[in-house]
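Participant: Only the shape, not the letters, is given here:
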């Protein structure tokens, strides 16, 4: 199946077009990260009945820009006893890992940077790169809190990657493809064709719906753990570990970690939106369906998921390490296996 | 096994309840007062900076005696009968003591309000003023005296003159005020 890419259609597949295709998601990430930082500040403030930043620009909308300018101005400190090459490399590796996943995110029917057939597998593979960056940063900082944060983060990633993978695998079984663009196309039509509601099919799919809803929950919970967000933020639990693996970082390197965290949030939200919520498909059949509307639907779905992540952050307290392991191995994993079996059975009998 | 599913259910449902609560708070009217633009109305008995009504003040120094941190510094001069400058208090009576100095050091003041309680003539009170940050600690020393320095010197001289005459008339009496004594000593030398 050929993937349509509007930039290649317009400019032909030359060097400039490739650079454009590569840099378009980067532009998006930068703008999105600013918006997400503002959303985080504002939502947290509103939940706590505060107003949040109000001084920089009208209603404080320039606050994230001010924060980035502040981070650029800050001194870039490398600790004396740190392992300098690894210490300096870590933020770049984390951001690369986060950014690499954007290659297969289908923003619209006519735009996916690289529509490879193993899209979902690729996302999982590059998603693990950031774990290497975390350990690298934590180890090279020569700080006990950083090291502990890095160790916790890896333990968490390993535990939660499995339920997330099982959830995605179930959808792969349902869709019988790993190409994210193909998965999107399968879900066109009304919103009951989305995979959270069992995907396309006749009325017999009704008994698989509870399992797919459960799988979407499992994926959402484990994606929270993978992006180190509350309630799974034990790698950077402020009250225990100062700031976890990025305690020693300052200035632009810290900003890289920050951007990578927000980019990761968007990636898991985008995967959730793609495989469970219909991606760029309109919820109402052909109403507002099209390439530009597609980008609108995709981004608004992903942003809704990001909003729920932020909302949860200001609702729940942090897990203890043993509770985290309990939830990962004893709750999410068996339930995801059961759901996987049920979905597979459904596909076999269909 | 039943307990296991109960735990999962209670975890999910309590999260939903929590999210419902936080969602409600999202749309509640915010409590923030944007301070320099909007101001908080002070409660009636707020202890802000002290204000002094110099017409009411009789110079009794009760506030200075009541002050636990000695932040009030008062120097009074007796009013001489031959002084052409006379003043009436707000009660209509004649002023008996000039206030040569009335300093309150707000760097020391602990806002305990004991001076306000002690004041017999209701002259010292808490004002509504709470924005008086300064860059130097000395700027927090507030001078409340209404007389000019020349007037103070004039009144001190008149008192000293009077005391000198007193000393001549009744040499056995101890001087009434340390200020006067000091002046006499200087003169005798």
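Facilitator: Nice, I can see it. Every value quoted in this text rests on a predicted model; they were computed, and no experiment measured them. Residues are numbered from 1 along each chain as shown, chains lettered A, B, ... in the order given.
Participant: Mind listing residues that contact whichever strand in chain B runs longest?
Facilitator: Across chain B, the longest stretch assigned as strand under DSSP state E is strand B:97-105. Here strand B:97-105 makes contact (Cβ atoms under 8 Å, 6 or more residues apart in numbering or on different chains) with B:50, B:52, B:54, B:57-60, B:71-79, B:140-147, B:152, B:155-156. Quick note: C-beta positions are derived from backbone N, CA and C, even for glycine.
Participant: That one pairs with which strands, and in what direction?
Facilitator: strand B:72-78 (antiparallel), strand B:141-143 (antiparallel) (DSSP bridges).
Participant: Would you mind listing the buried residues in it?
Facilitator: B:97-100, B:102, B:104-105 (16 or more other Cβ atoms under 10 Å in any protein chain shown).
Participant: Export the strands paired with strand B:97-105 as JSON lines, with columns for distance to residue B:85.
Facilitator: Conversion of the strands paired with strand B:97-105 to JSON lines gives the following (distance: least, Cβ to Cβ, whole Å):
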{"stretch": "strand B:72-78", "distance to residue B:85": "12"}
{"stretch": "strand B:141-143", "distance to residue B:85": "20"}
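Participant: okay, these in TSV with mean pLDDT and mean neighbour count next?
Facilitator: Below are the strands paired with strand B:97-105 laid out as TSV (pLDDT from 0 to 100; neighbours: other Cβ atoms under 10 Å in any protein chain shown):
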stretch	mean pLDDT	mean neighbour count
strand B:72-78	88	20
strand B:141-143	87	14
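Participant: And those strands: which comes nearest residue A:199?
Facilitator: Closest approach to residue A:199 among the strands paired with strand B:97-105 (Cβ to Cβ): strand B:141-143, 77.8 Å.
Participant: any chance you could map the helices in chain B?
Facilitator: Along chain B, counting by DSSP state H, helices occupy B:2-26, B:62-66, B:114-118, B:149-169, B:178-188.
Participant: Dump the ones you listed into CSV; add mean pLDDT and distance to chain A as well.
Facilitator: Formatted as CSV, those follow (pLDDT from 0 to 100; distance: least, Cβ to the nearest Cβ, whole Å):
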stretch, mean pLDDT, distance to chain A
helix B:2-26, 89, 5
helix B:62-66, 89, 41
helix B:114-118, 90, 35
helix B:149-169, 83, 45
helix B:178-188, 48, 54
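Participant: Could you check how many residues crowd around whichever residue of the stretch 151-300 of chain A sits closest to chain B?
Facilitator: For the stretch 151-300 of chain A, the residue closest to chain B is residue A:217, as judged by Cβ to the nearest Cβ, at 8.1 Å. For residue A:217, the neighbour count with other Cβ atoms under 10 Å in any protein chain shown is 17.
Participant: and it, what is it in contact with?
Facilitator: Residue A:217 neighbours (Cβ under 8 Å, 6+ apart): none.
Participant: any idea which element it lies in?
Facilitator: Remark: residue A:217 resides in helix A:209-226, with elements defined by DSSP states H and E.
Participant: residue contacts, residue 125?
Facilitator: As the question left the chain open, I've gone with chain A. Residue A:125 makes contact with no residue, according to Cβ under 8 Å, 6+ apart.
Participant: The chain in question should be chain B.
Facilitator: Residue B:125 makes contact with B:50-53, B:116, according to Cβ under 8 Å, 6+ apart.
Participant: Which ones among the residues you listed map onto strands?
Facilitator: B:50-52.
Participant: still on that earlier bit, from the contacts of residue B:125, keep the buried residues only.
Facilitator: Looks like those have B:50, B:52, B:116 buried, using 16+ other Cβ under 10 Å.
Participant: Let me know the closest of the residues you listed to residue B:66.
Facilitator: Distance to residue B:66 across these (Cβ to Cβ) is lowest for residue B:116, with 9.0 Å.
Participant: what is the residue most central in space within chain B paired to in the beta sheet?
Facilitator: Residue closest to the average C-alpha location in chain B (Cα atoms, centre = their mean): residue B:50, at 3.5 Å. Note on residue B:50: beta-bridge partners by DSSP bridges are residue B:126.
Participant: these two touch, right, it and residue B:128?
Facilitator: No. The pair residue B:50 and residue B:128 does not pass the contact test of Cβ atoms under 8 Å, sitting 11.7 Å apart.
Participant: What is the burial count for the residue in the stretch 51-200 of chain A positioned nearest to chain B?
Facilitator: The nearest approach of the stretch 51-200 of chain A to chain B comes at residue A:51, 4.3 Å away (Cβ to the nearest Cβ). Using other Cβ under 10 Å, residue A:51 has 15 other residues around it.
Participant: ditto for residue A:231
Facilitator: Residue A:231 has 19 nearby residues by other Cβ under 10 Å.
Participant: so what's it up against?
Facilitator: A:224, A:312-313, A:316-319.
Participant: about what we covered before: helix, strand or coil: sort out the residue of the stretch 51-200 of chain A closest to chain B for me.
Facilitator: Recorded secondary structure, residue A:51: coil (DSSP: H, G, I helix; E, B strand; the rest coil).
Participant: Need the phi and psi values for it.
Facilitator: Main-chain dihedrals, residue A:51, degrees, to the nearest 10: phi -100, psi -20.
Participant: Now do the helices in chain A.
Facilitator: Using DSSP H, helices in chain A cover A:6-11, A:15-47, A:63-73, A:84-100, A:119-127, A:129-140, A:144-175, A:180-186, A:209-226, A:238-241, A:251-275, A:291-313, A:321-325, A:333-349.
Participant: Against chain A, how distant is the closest residue to residue B:144 other than its chain neighbours?
Facilitator: Spatially, and ignoring its direct neighbours in sequence, residue B:144 is nearest to residue B:102 (4.1 Å; Cβ to Cβ, 6 or more residues apart in numbering or on different chains). Per Cβ to the nearest Cβ, to the nearest Å, residue B:102 is found 41 Å from chain A.
Participant: any idea how far residue B:169 is from residue B:102?
Facilitator: To residue B:169, residue B:102 is 32 Å away according to Cβ to Cβ, to the nearest Å.
Participant: Wait, residue A:106 touches residue A:278, no?
Facilitator: No. Residue A:106 lies out of contact with residue A:278 (Cβ under 8 Å); the separation is 11.2 Å.
Participant: Find residues that contact each of the two.
Facilitator: With Cβ under 8 Å, 6+ apart as the test, residue A:106 and residue A:278 both reach residue A:184.
Participant: before we move on, the earlier item: and of the helices of chain B, who's closest to residue A:180?
Facilitator: helix B:2-26 (28.5 Å).
Participant: just to revisit the earlier point, just the mean pLDDT for the longest strand of chain B, thanks.
Facilitator: Per-residue pLDDT over strand B:97-105 has a mean of 87.
Participant: Now do it and helix B:149-169, the angle between them.
Facilitator: Here strand B:97-105 runs at an angle of 130 degrees relative to helix B:149-169 (axes from the mean of the first three to the mean of the last three Cα atoms, to 10 degrees).
Participant: Which pLDDT does the model give the closest residue to residue A:159 other than its chain neighbours?
Facilitator: Leaving aside its sequence neighbours, residue A:159 sits nearest to residue A:328 (Cβ to Cβ, 6+ apart; 3.7 Å). Note on residue A:328: pLDDT of 86.
Participant: Can you name the residues that contact residue A:328?
Facilitator: A:156, A:159-160, A:162-163, A:222, A:225.
Participant: Just the closest of these to residue B:5, please.
Facilitator: So of the contacts of residue A:328, ranked by how close each gets to residue B:5 (Cβ to Cβ), first place is residue A:163, at 17.2 Å.
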